[in-house]
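Colleague: everything below, folded, please.
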Amino acid sequence: MFTEKDLQQIEARGITLAAVEQQIENFRQGFPFLGIVRAASPSDGVVVVDEATAEEAVKRYEAATQELDIVKFVPASGAATRMFKELFSFVSEDKRTAGIDKLIENIEQFAFWPELKAVLPAEYDDKQLVSAIIKEGLAYGSKPKGLVTFHAYPEGARKAVEEHLAEGAAYATAKGVARIHFTVSPEHIEGFKSLLEEKVPFYEARYGIRYDISFSVQKPSTDTIAVNPDNTPFRQDDGSLLFRPAGHGALIENLNEIDADIIFIKNIDNVTTDARRGDTIRYKKILAGMLIALQERAFEYLKALEVGGADLEPIAAFIEQQLCVKLPENYNAALLKAILDRPIRLCGMVRNEGEPGGGPFWVKNDDGTETLQIAESSQIAPEDMHLMQSATHFNPVDLICGVKNSKGGKFDLRQYTDPATGFISSKSAGGRDLRAQELPGLWNGAMAKWNTIFVDVPITTFSPVKVVQDLLREQHQ
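Modeller: Have a look, this model is predicted:
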């Protein structure tokens with residue numbers, strides 16, 4: 001199937017031949033559906049925090065910031081293609097939609113209007129206006145979301161990446177330093193660095209802190225091979241194999257290289273303004289404080305099991321009631337120890353208000369346990385689809401991760417993924433159809449074997465920008 005030249009190409013990307021062969025087998029066999037048991041809900045897998053618990057958690061986290069290493073991890077790769085898809089259709093194909101009308105009618109309400117106005121000719125029509133947003137002018141169609149102007153302030157507009165500086169100052173600062181890590185595409189890294197070099201001194205002075213900002217790119221070794229519709233390797237015009245980025249699940253490799261006690265994860269586009277950020281900050285601290293308490297108790301029980309002779313009943317109760325793992329009737333000390341010795345994540349979940357995306361479910365595992373997973377619709381068997389109707393909550397708004405073990409070392413996060421939870425989709429290249437494969441999503445299969453706790457958080461903490469018109473919502477005005 002592969003020539004000597006193919007093997008050299010595979011090796012140059014840092015991918016093993018065995019991995020490529022497994023990817024092709026995944027295309028042939030497809031990925032199995034998850035063993036969904038039921039949707040998680042309040043009192044059954046989604047924790048609703050009372051006021052006393054919330055206050056205690058905030059105090060615990062704020063006290064711990066003097067001792068812990070904390071990082072805010074922001075996936076910010078890729079161009080904002082989907083955000084401006086409708087605009088491209090209008091400019092290139094004359095497809096005028098209600099979304100285009102809304103954009104034009106409200107153009108002066110966008111924070112980027114002053115920048116846009118400055119690059120428009122004295123006289124312009126609707127198509128020139130829209131074209132100036134995505135092409136020559138602001139060129140947003142080829143920029144990542146992080147470099148798009150999101151919000152207006154009296155002192156000047158902010159791009160999405162700047163809002164993460166403001167957020168980081170509020171809840172991810174330890175010992176006077178806010179560590180923020182952005183994952184970016186290689187072609188955009190200089191744009192991020194240039195903007196941050198200009199803006200960081202302003203925010204450091206404003207918040208009285210120092211920023212430690214780092215970057216990484218999605219590794220070529222995580223790319224997946226593309227195939228033709230008949231599952232044979234897709235070859236480009238020059239005869240070479242085509243490899244494609246394998247989705248944000250590939251970022252588990254980047255996350256694995258972060259050395260910190262607590263890692264906050266939040267997408268680049270899920271930000272709001274200073275005036276509306278109160279709930280976001282508070283719930284970040286609540287979740288982090290809860291994580292610290294759970295981790296401390298897990299470590300205590302783990303040490304007791306390692307010494308031997310521990311009473312298993314209270315440990316099992318903690319695992320079931322606090323870590324949200326349903327145990328089989330015939331559990332033993334070895335199983336309890338294996339469950340406690342895992343990375344842990346708390347996921348802020350908002351009530352489902354009709355947004356697209358996955359949700360929280362109980363899933364049956366091979367070891368007889370039931371654990372919490374975030375499942376996309378494509379992972380659910382047709383006969384289980386009715387369970388999605390009973391899901392009360394939506395994909396996570398935030399993740400707060402504990403990646404250190406009881407000895408203070410780092411878990412190898414690559415050991416806690418479920419490789420059987422990828423996605424296959426239909427794409428095209430050079431006008432030819434192909435099939436593409438994504439690795440398990442970062443908060444789906446890439447974290448499938450973590451201990452997962454879902455926590456109910458207010459809708460005010462969720463303000464993503466999926467299309468440009470979302471910037472007209474009150475969370476961004």
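
Colleague: buried ones in stretch 386-394, by neighbour count?
Modeller: For stretch 386-394, the neighbour count (16 or more other CB atoms under 10 Å) marks 387-388, 391-394 as buried. All C-beta atoms are positioned from the backbone trio N, CA, C, and that covers glycine.

Colleague: want to throw those into a markdown table with pLDDT, secondary structure and distance to Q475?
Modeller: Compiled in a markdown table, these are given as follows (pLDDT from 0 to 100; DSSP: H, G, I helix; E, B strand; the rest coil; distance: CB to CB, whole Å):
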| residue | pLDDT | secondary structure | distance to Q475 |
| --- | --- | --- | --- |
| L387 | 82 | helix | 30 |
| M388 | 80 | helix | 26 |
| A391 | 80 | coil | 23 |
| T392 | 84 | coil | 22 |
| H393 | 87 | strand | 19 |
| F394 | 80 | strand | 16 |
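
Colleague: pLDDT score assigned to W443?
Modeller: For W443, the pLDDT comes out at 86.

Colleague: so who does it touch?
Modeller: W443 makes contacts with 265, 345, 347, 374, 395-396, 399, as judged by CB atoms under 8 Å, 6 or more residues apart in numbering.

Colleague: ok, the residues you listed vs A304, which is closest?
Modeller: Closest approach to A304 among these (CB to CB): R345, at 23.4 Å.

Colleague: who are the contact partners of that closest one?
Modeller: 291, 399-402, 443, 447, 450-453.

Colleague: ok, A80 - contacts?
Modeller: Applying CB under 8 Å, 6+ apart, the residues near A80 are 140-141, 143-145, 148.

Colleague: go again with 10 Å.
Modeller: A80 is in contact with 134, 140-148, 160, 268-269, 465-468, counting by CB atoms under 10 Å, 6 or more residues apart in numbering.

Colleague: with A157 instead?
Modeller: 110-115, 149-151.

Colleague: look up phi and psi at it.
Modeller: Note on A157: backbone dihedrals following degrees, to the nearest 10 are phi -70, psi 160.

Colleague: what about it, distance to H164?
Modeller: From A157 over to H164 the distance is 15 Å, taken as CB to CB, to the nearest Å.

Colleague: report pLDDT for G168.
Modeller: G168 is given a pLDDT of 96.

Colleague: which intervals of the chain have sub-threshold pLDDT?
Modeller: Counting by pLDDT under 70, the chain contains low-confidence ranges at 78, 354-357.

Colleague: spatially central residue for it, please.
Modeller: N267 (5.4 Å; CA atoms, centre = their mean).

Colleague: got a list of what K427 touches?
Modeller: Counted by CB under 10 Å, 6+ apart, K427 has contacts 226, 234, 242, 244, 433-436.

Colleague: and it, that one's in a helix?
Modeller: No. Counting by DSSP: H, G, I helix; E, B strand; the rest coil, one finds K427 to be strand, located in no helix.

Colleague: in strands, which of the contacts of W443 fall?
Modeller: Of these, the ones assigned to strands by DSSP state E are 265, 345, 347, 374, 395-396, 399.

Colleague: show me where the stretch 1-150 of the chain has strands.
Modeller: 36-39, 41-42, 45-47, 70-75, 149-151 (DSSP state E, counting those that start in this stretch).

Colleague: from the contact counts, what lies against the second one?
Modeller: Just to be clear, that refers to strand 41-42. strand 451-456 (3 or more CB pairs under 10 Å, 6 or more residues apart in numbering; DSSP states H and E).

Colleague: just the first one next, same as before
Modeller: Counting contacts by 3+ CB pairs under 10 Å, 6+ apart, the secondary-structure elements packed against strand 36-39 are strand 45-47, strand 359-364, strand 370-375.

Colleague: got the angle for the last one vs strand 359-364?
Modeller: Going by axes from the mean of the first three to the mean of the last three CA atoms, to 10 degrees, strand 370-375 is angled at 140 degrees with respect to strand 359-364.

Colleague: list the helices and strands strand 370-375 packs on?
Modeller: strand 36-39, strand 45-47, strand 344-351, strand 359-364, strand 393-402, strand 451-456.

Colleague: out of those, which is closest to A170?
Modeller: The closest of these to A170 is strand 393-402. By CB to CB, the value is 13.3 Å.

Colleague: returning to what we had before: tell me which of the ones in strands among the contacts of W443 is nearest to E306?
Modeller: R345 (23.3 Å).

Colleague: run through the bridge partners of that closest one.
Modeller: R345 has the following beta-bridge partners by DSSP bridges: C401, T452.

Colleague: how close does it get to I209?
Modeller: Distance check for R345 against I209: by CB to CB, it reads 26 Å.

Colleague: just the helices in the chain please.
Modeller: For the chain, the helices defined by DSSP state H cover 4-12, 17-29, 51-64, 85-93, 98-105, 113-119, 126-134, 160-171, 189-207, 252-256, 278-307, 312-321, 333-340.

Colleague: for those helices, which one sits closest to P220?
Modeller: In terms of CB to CB, the element of the helices of the chain nearest to P220 is helix 4-12, at 8.4 Å.

Colleague: how about the CA coordinates for the closest one, as PDB?
Modeller: Output of helix 4-12 as PDB, limited to C-alpha atoms (Å, rounded to 0.1, in the frame of the first residue of the first chain):
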ATOM      1  CA  GLU A   4       9.400   3.900   0.200                       C
ATOM      2  CA  LYS A   5       8.700   7.600  -0.500                       C
ATOM      3  CA  ASP A   6       5.400   7.300   1.500                       C
ATOM      4  CA  LEU A   7       7.300   5.700   4.500                       C
ATOM      5  CA  GLN A   8       9.800   8.600   4.400                       C
ATOM      6  CA  GLN A   9       6.900  11.100   4.400                       C
ATOM      7  CA  ILE A  10       5.300   9.300   7.300                       C
ATOM      8  CA  GLU A  11       8.500   9.200   9.300                       C
ATOM      9  CA  ALA A  12       9.300  12.900   8.600                       C
END
